[in-house]
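Got a predicted structure here, sequence first:
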Amino acid sequence: MQLVIVESPAKAKTIEKYLGADYKVLASYGHVRDLPPKDGSVRPDEDFAMDWELYRDKQSRFKEIADAAKNADRLVLATDPDREGEAISWHVQELLAKRKALPAKVDRVTFNAITKSAVTEAMKSPRQIDTDLVDAYLARRALDYLFGFTLSPVLWRKLPGAKSAGRVQSVALRLICEREHEIELFRAEEYWSVVAHLEHDGTAFDARLVRYNGAKLDKLTLVNEGSALAAKAAVEAGRFMIEDIETKPLKRNPPPPFTTSTLQQEAARKLGFSASHTMRCAQSLYEAGAITYMRTDGVQMDPGAINALRDAIGERYDSSYLPEKPRFYSTKAKNAQEAHEAIRPTNFTRDHAGSGDESKLYDLIFKRAMASQMASAQLERTTVTLREATGQHELRATGQVVKFPGYFAVYQEGFDEKSDEDDDGLLPVMHKGDCPLKRGVDANQHFTQPPPRYSEASLVKRLEELGIGRPSTYASTIQTLRDRDYVRMEKSRFHAEESGRLLTAFLERFFPTYVAYDFTAGMEDELDTVSDGREPWKELLAKFWRDFKPKADEVMEKLPSEVTEALDSYLTDYLFPPREDGGDPRACPLCQSEGRENGRLSLRGGKFGAFIACANYPECKYTRRFAQPGGDGGDNGDDGVLGQHPETGAAIHRKSGRFGPYIEMEADGDKKRASIPKDLDDFDLEWAVKLLDLPRIVGEHPETGKEIEAAIGRYGPYLRHDGKYGKLSNTREVFEIGMNRAVDILAQAANRNGGGGRAKAEPIKTLGAHPTSGGEIKVMPGRYGPYVTDGSTNATLPKDVKPEDVTEAQAIELIDARAAKGPVKKKRRKTKKKT
């Protein structure tokens, strides 16, 4: 018997069909062991010796692998074809050897797609485990451990409220915080543009004023209404004639097929997917044999796949859409490595695969791959220059037309931000000397805009440009920042939280080298040299540890007051910006109003984080949040006015407090507040009004005649009627639930546990039958979070998985993994001894 080890049960099930009766395929369910999360797991003083620990939830699973290995003649390690896959194979081999269950023959095989041909061909070309790739994994894992477990204790003792820091996550956080600071420093500038509305041969078009009084107009030339109106009057008075028509052909070449990074970016732009959700969907498609391996930096395609793709294009389109020769792409990303084949469909005759979000992602991958081998798009750009008789004023109109769509017929790449280019609409046919009819002239006011906050797509793009981290780790890096509340998402953009900004300031002040972009990118270069076999992994660790450990010890010896004082000085420009009246920015406004002297503001550290306080404490109780530079004081920070309540006209403020963001409004001489729920990604003024107007009256109960209320409480959204409660699944349901549904939930709550318990939960989503147990798979809301169940086994959903997005394959994998762990052992309660 030959034993094959892969990562997932879905992959195992598919591969076993291809290999025949002599093979048994088992899943390791990902990594089987890791460094224990405690001090001493990596010991630099012992030549970087590392301790490994088998995951508790993998013990029964690995026992099954070990038992099968004892009866096997050959072990085939067929984990993923990247560094992590190589590491999993190495761990499995090491553990089996330790248990004396390793077969005499051990081979390593890799395949880029889970198809019968790819798997059977890979089995014909086995190799040994790549020790250079394993060394690179060991170096990266030890490096991340030493960075986190050395730096985190420093943070806990010296920086109140800090949770932890990571080698790549800290640099990603710095990018977000720096962008936030750029936005705060930005000052909008007014500028004006003058546009003439023209018409020729019945076709309307616009022309922009580009030269005024003989001088070229830049973006900020017309800076006020007066100059704009004068320019408008000059255009209105002038008779403009076409002076020049310039036509230029343009060619747009198709983008290459997807890499991990570009797939995450485009899925965020076009589908609104997070990086982690994109990778989950791609993993399912890969395991189903629909696409090639989804963790890759390569843009090249297998020659056989290129020929198959060109055949598919030829069947769908005429010959003009197919270039004479195939296109070949090369990787441009900094630090590109693990360059397997690009992400593409395994079968180009297959238009659709998967369901729901998986189907949408497959469609994106299919179209991008097809476009990559199609003909270029041919465009024509026309620029028309109009000048009045004196030659002092000039208008310009631009237009663009697609002469041949080429790959546009299938796919057009998305962009994070819109450009400020002129209108690309069609222009009428015109000739030199024509004088188009003038329909009107507008002077339009504009303001310069601050740099945009990062979206997931633009952050991933920037990290890749800087060579920081690896595309395969971006999803988990971003999720970590969100889980630790260092950032928040609003309208799909990252906003730096107070704790994130303070952590970044601390690292920049005391560990500037280790959050520098060049250092982090340089470390990736060195890890690449290890994977190429050009540098021993322990030498890399020794160089890092030689400088990092003394620096961490130096900061640890500082008193918390010394750290706060250093941060106060380092952040002076941010915390105490110059005042418009020229006064002292550190002067305490409360002391000034009450006539006290020496009221100076400075940064302080407290139980719940950093804040600004007055030197005259305790006489002066003035405080200000850390992330409220130049504020007017008070206990809570004001993030700005969202708008006015449509009925009362009162201003609604968005604020940040000790327990998170909330909104506040003056009402009848009192302040009305409401917390902002975490499940509202599109929070705006409309949502603020709804939350402040709670509770909502659903209506009168048909049996009792008493009102049913929907509201949000300490434990989440709920219904209340006549002293009884029913739980709602999410915030939106508070505002959408109708009478029938409300009565049903309350009735279930009353019937459970003799009328005093909770309502029987309704499934969030129902999937198909489980292939083993036969039970119906449901996604359910639970007391400790949503979970999936087949009626006999419950499996909690990961935090970054939305219950509405769970697929049948994901649910089966979670249930199988939970069942493999065995029943939960109940902890015995310790009885207190009687005194």
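Perfect, I can see it now.

pLDDT score for S152?
We have a pLDDT of 84 for S152.

Would you mind measuring from it to Y145?
According to C-beta to C-beta, to the nearest Å, S152 and Y145 sit 11 Å apart. C-beta: built from backbone N, CA, C; applies to glycine.

more neighbours, these two?
Taking other C-beta atoms under 10 Å, S152 and Y145 do not tie; Y145 has more neighbours (18 against 15).

Which strands or helices does the helix or strand harbouring the more buried one pack on?
Using DSSP states H and E, Y145 falls within helix 131-158. If you count contacts as 3 or more C-beta pairs under 8 Å, 6 or more residues apart in numbering; DSSP states H and E, helix 131-158 packs onto strand 42-43, strand 49-50, helix 83-98, helix 498-510, helix 517-531, helix 537-556, helix 560-570.

Hmm, C177 is touching F506, no?
No: at 11.3 Å, C177 does not count as touching F506 under the criterion of C-beta atoms under 8 Å.

In terms of neighbours, single out the busier of those two.
More neighbours surround F506 than the other of C177 and F506, with 25 against 22 (other C-beta under 10 Å).

what's the closest non-adjacent residue to the more buried one?
Residue nearest to F506 in three dimensions, not counting chain neighbours: L159, with 5.2 Å by C-beta to C-beta, 6 or more residues apart in numbering.

Now do the same contact list for that neighbour.
Residues in contact with L159 (C-beta atoms under 8 Å, 6 or more residues apart in numbering) are 502-503, 506, 563, 605, 610.

pLDDT and distance to E465 added to these, as TSV?
Formatted as TSV, those follow (pLDDT from 0 to 100; distance: C-beta to C-beta, whole Å):
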residue	pLDDT	distance to E465
L502	86	27
L503	89	23
F506	89	26
V563	87	33
G605	76	36
A610	77	32
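
Make JSON lines from the residues you listed and add distance to M294 to it.
Listed next are the contacts of L159 as JSON lines, based on distance: C-beta to C-beta, whole Å:
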{"residue": "L502", "distance to M294": "36"}
{"residue": "L503", "distance to M294": "32"}
{"residue": "F506", "distance to M294": "36"}
{"residue": "V563", "distance to M294": "43"}
{"residue": "G605", "distance to M294": "44"}
{"residue": "A610", "distance to M294": "41"}
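
Generate a ChimeraX selection restricted to the buried subset of these.
To isolate the buried members of the contacts of L159 in ChimeraX, using 16 or more other C-beta atoms under 10 Å:
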select :502,503,506,563,605,610
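
For D553, state which of the contacts of L159 is nearest.
Using C-beta to C-beta, the shortest approach to D553 within the contacts of L159 belongs to V563, at 14.3 Å.

got a list of what the residue lying closest to P36 once chain neighbours are set aside touches?
Leaving aside its sequence neighbours, P36 sits nearest to E53 (C-beta to C-beta, 6+ apart; 4.4 Å). Applying C-beta under 8 Å, 6+ apart, one finds that E53 lies in contact with 33-36.

so of those, which ones are in strands?
Among those, the members falling in strands (DSSP state E) are 33-34.

which among the contacts of E53 gets closest to S472?
When the contacts of E53 are compared for distance to S472 (C-beta to C-beta), D34 wins out at 17.0 Å.

Flag the shaky bits of the stretch 151-300 of the chain, pLDDT-wise.
160-161 (pLDDT under 70).

What helices and strands are in contact with the helix or strand that contains V402?
If you go by DSSP H and E, V402 is part of strand 394-404. For strand 394-404, the packing partners by 3+ C-beta pairs under 8 Å, 6+ apart come out as strand 203-212, strand 240-252, strand 377-388.

tell me the angle the shortest one makes with strand 377-388.
If I follow you right, that is strand 203-212. 60 degrees (axes from the mean of the first three to the mean of the last three C-alpha atoms, to 10 degrees).

how far does the next helix or strand after strand 203-212 sit from the chain's center?
Using DSSP H and E, the helix or strand that follows strand 203-212 towards the C-terminus is strand 215-216. Distance of strand 215-216 from its chain centroid, counting by C-alpha atoms, centre = their mean, to the nearest Å, is 44 Å.

mind pulling up the phi and psi values for the nearest residue to M370 once chain neighbours are set aside?
Distances taken as C-beta to C-beta, 6+ apart put V410 closest to M370, at 5.3 Å, once the chain neighbours are dropped. Dihedral pair for V410: phi -110, psi -40, per degrees, to the nearest 10.

how deep is K655 tucked in, by neighbour count?
Residues lying near K655 (other C-beta under 10 Å) number 19.

before we move on, what about the one 10 residues further on?
Applying other C-beta under 10 Å, we find 20 other residues in the vicinity of M665.

Okay, buried residues for the strand or helix carrying it please.
Using DSSP H and E, M665 maps to strand 660-667. Buried residues in strand 660-667, counting neighbours by 16+ other C-beta under 10 Å, are found at 661-665.

quick revisit: winner for burial among the helices and strands packed on helix 131-158?
Ranked by mean neighbour count under mean count of other C-beta atoms under 10 Å, those are led by helix 498-510, which reaches a mean of 22.

could you list every residue that touches G583?
Neighbours of G583 in contact, by C-beta under 8 Å, 6+ apart: none.

In three-state terms, label A308 for me.
Using DSSP: H, G, I helix; E, B strand; the rest coil, the structure places A308 in helix.

burial of it, as a residue count?
17.

Is it in contact with T346, as I believe?
No: counting by C-beta under 8 Å, A308 sits too far from T346 to count as a contact (9.7 Å).

measure the most centrally placed residue in the chain to Y191 for me?
Note on the chain: the residue nearest the mean C-alpha position is E456, at 3.9 Å, using C-alpha atoms, centre = their mean. E456 is 32 Å from Y191, where distance means C-beta to C-beta.

just I245 next, same as before
28 Å.

What is the end-to-end distance of stretch 622-642?
Start and end residues of stretch 622-642 are separated by 26 Å (C-alpha to C-alpha, to the nearest Å).

on that earlier part again, so for I708, which of the helices and strands packed on strand 394-404 sits nearest?
strand 203-212 (55.5 Å).

Just the C-alphas of that closest one, formatted as PDB.
Provided in PDB are the C-alpha atoms of strand 203-212 (Å, rounded to 0.1, in the frame of the first residue of the first chain):
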ATOM      1  CA  THR A 203     -23.400  66.600 -31.700                       C
ATOM      2  CA  ALA A 204     -22.700  68.300 -28.300                       C
ATOM      3  CA  PHE A 205     -19.300  68.200 -26.700                       C
ATOM      4  CA  ASP A 206     -17.300  70.100 -24.000                       C
ATOM      5  CA  ALA A 207     -14.100  72.100 -24.300                       C
ATOM      6  CA  ARG A 208     -11.900  73.200 -21.400                       C
ATOM      7  CA  LEU A 209     -10.200  76.600 -21.200                       C
ATOM      8  CA  VAL A 210      -6.400  75.800 -21.300                       C
ATOM      9  CA  ARG A 211      -4.900  79.200 -22.200                       C
ATOM     10  CA  TYR A 212      -6.100  82.600 -20.900                       C
END
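
Buried ones in that strand, by neighbour count?
So strand 203-212, judged by 16+ other C-beta under 10 Å, has buried residues 205-212.
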